[in-house]
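Undergrad: Got a predicted model here, sequence first, then my questions.
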Amino acid sequence: MQRALRRAARSAFLWNVEARDLVARKEPLTQLAHVGPFLQKQIRQWIRQKQHPLRPPPLRKEFFTLAESRMRLAQFPSWGARLRGDFQMHTRWSDGSGDVRTMAEAAFAHGYEYIAITDHSKGLSIANGIDETKLKQQSAEIDAINRELRAAGKNLTVLRSIELNLNPIGQGDMDLRALHSLDLVLGSFHSALRRKEDQTARYLGAIRNPDIQILGHPRGRIYNYRLGLRADWGTVFGEATRLDKAIEIDAYPDRQDLNVSLLRIAKRCGTRISMGTDAHHPWQLEFIDLALAAALAAKIPAERIVNFMPLAELRAWVEDVRCRKTRRTHKKRRSDVRSKKSVTSQMQQEKVRSLFHARSRREERAKRKRR
Ligand SMILES: [Zn+2]
């Protein structure tokens with residue numbers, strides 16, 4: 001009984017209609033995955049007698065269902081229309097079930113302009129993490145697929161990335177040259193996720209890690225299984241904003257990490273948000289609606305969402321975040337000779353850069369209109 005309930009609860013995320021709507025329409029609940037006659041009777045009873053808890057326990061708090069997300073998105077169609085890609089997915093190179101090509105085909109069917117292939121790095125052996133040699137082979141495969149896509153006139157770019165496994169002080173497990181050869185690096189914690197004490201220090205370590213641009217599934221929560229880590233989120237998001245890094249909404253249904261409450265804090269801090277499905281099968285790219293709905297609910301401004309950027313702007317952002325690191329070290333070295341003049345020239349550079357961004361955005365919009 002417990003097992004049947006747990007199974008139904010997990011698949012409820014993906015039901016294309018809410019059980020309460022079926023009950024209201026007097027339609028059978030057995031059309032829902034993992035609901036048999038026995039559970040149907042039980043769920044009906046809960047809904048009719050309003051016995052389902054109004055306040056879910058913390059382990060099940062702030063999770064959307066796909067049906068609910070789609071209802072929210074349907075009210076603001078222009079929001080989902082801005083989406084250009086997905087920044088977290090796995091292939092057979094680590095623990096996914098599809099290969100790069102099938103992920104790219106699924107992404108093209110979604111109308112995406114880009115996707116990032118983020119297989120696990122070597123430290124996560126349980127997920128068959130890949131080492132530097134395999135990463136290089138994968139990059140060659142991705143390059144070949146990108147050439148094929150261009151030859152076929154398809155406007156989709158597969159970005160070479162990785163889900164860098166971070167240790168509990170925010171350090172990665174891969175050779176830096178390998179990381180620098182990638183288009184984008186996502187870093188995530190996969191260990192010591194049940195610690196009760198405040199973890200702000202580990203998040204600051206991860207955000208200050210110069211080799212990552214996106215922090216993946218930040219809390220490490222899992223529906224009905226693990227609460228995730230605690231931190232002073234204002235400090236964490238503030239530091240991400242200062243270094244212009246992005247924090248992820250992992251849209252995997254039983255993660256949904258960041259959740260809406262934390263996204264509201266990120267919004268106040270002006271932090272960039274990245275959305276990734278963490279798909280391990282091509283069909284799972286559809287989980288992205290869970291992330292879109294969460295960002296919408298938290299009222300994240302569109303210009304703070306990395307997945308809404310045209311590809312050229314995305315590349316410029318990654319480059320800028322990578323350069324900040326060198327600019328900072330230069331600044332430190334030359335701090336004694338830092339003058340007003342250099343600050344002014346830096347401001348001028350920023351201005352030129354933002355003008356460039358505004359121009360390329362305009363051009364991109366115009367191009368899209370022409371198409
Ligand atoms: Zn992960």
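TA: Alright, I've got the coordinates.

Undergrad: Next, please give the residue ranges for the strands of the stretch 101-250 of the chain.
TA: For the stretch 101-250 of the chain, the strands defined by DSSP state E, counting those that start in this stretch occupy 114-117, 157-160, 163-166, 186-189, 214-215, 246-250.

Undergrad: the domain parsing of this structure - what is it?
TA: Domains of the chain are assigned by automatic domain parsing as 2-53, 66-309.

Undergrad: Output these in TSV; the columns should cover distance to Ala316.
TA: C-beta here means a position set from N, CA and C on the backbone, and glycine is covered the same way. As requested, these are arranged in TSV below (distance: least, C-beta to C-beta, whole Å):
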stretch	distance to Ala316
domain 2-53	36
domain 66-309	9
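
Undergrad: ok, Ala19 touching Thr30?
TA: No - contact between Ala19 and Thr30 fails when scored by C-beta atoms under 8 Å: they sit 11.0 Å apart.

Undergrad: And those two? Which one has more around it.
TA: The neighbour count for Ala19 versus Thr30, taken as other C-beta atoms under 10 Å, is higher for Ala19 (22 against 13).

Undergrad: Ramachandran angles for that one?
TA: Backbone torsions for Ala19, taken as degrees, to the nearest 10, come to phi -60, psi -40.

Undergrad: Can you get me the start-to-end distance on stretch 15-23?
TA: Stretch 15-23 has an end-to-end distance of 14 Å (criterion: C-alpha to C-alpha, to the nearest Å).

Undergrad: how far out from the middle of the chain is it?
TA: Offset of stretch 15-23 from its chain centre (C-alpha atoms, centre = their mean, to the nearest Å): 27 Å.

Undergrad: which residues sit against it?
TA: 12, 28-29, 31-33, 35, 43-44, 47-48, 65-68 (C-beta atoms under 8 Å, 6 or more residues apart in numbering).

Undergrad: Repeat that for stretch 301-315.
TA: Identification of contacts with stretch 301-315 by C-beta under 8 Å, 6+ apart yields 79, 82-87, 113-114, 157, 183-184, 214, 246, 267, 270-275, 295, 317, 357, 360-361, 364.

Undergrad: Convert stretch 275-295 to CSV, retaining C-alpha atoms only.
TA: Output of stretch 275-295 as CSV, limited to C-alpha atoms (Å, rounded to 0.1, in the frame of the first residue of the first chain):
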residue,chain,number,x,y,z
MET,A,275,17.0,26.5,-16.2
GLY,A,276,17.9,22.9,-16.8
THR,A,277,15.8,19.7,-17.0
ASP,A,278,18.5,17.4,-15.7
ALA,A,279,17.0,15.1,-18.4
HIS,A,280,18.3,11.5,-18.5
HIS,A,281,16.1,10.5,-21.4
PRO,A,282,15.2,12.7,-24.5
TRP,A,283,11.5,12.9,-23.6
GLN,A,284,12.4,14.4,-20.3
LEU,A,285,13.2,17.8,-21.9
GLU,A,286,9.5,18.5,-21.3
PHE,A,287,10.2,18.9,-17.6
ILE,A,288,11.4,22.5,-18.5
ASP,A,289,7.8,23.7,-17.9
LEU,A,290,8.3,23.1,-14.2
ALA,A,291,11.2,25.5,-14.2
LEU,A,292,9.5,28.1,-16.4
ALA,A,293,6.4,28.0,-14.1
ALA,A,294,8.6,28.4,-10.9
ALA,A,295,10.5,31.4,-12.4
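
Undergrad: residues of it that come out buried?
TA: Judged by neighbour count using 16 or more other C-beta atoms under 10 Å, the buried positions of stretch 275-295 are 275-280, 282, 284-295.

Undergrad: Over to stretch 182-191?
TA: By neighbour count with 16+ other C-beta under 10 Å, stretch 182-191 contains the buried residues Leu182, Asp183, Leu184, Val185, Leu186, Gly187, Ser188, Phe189, His190.
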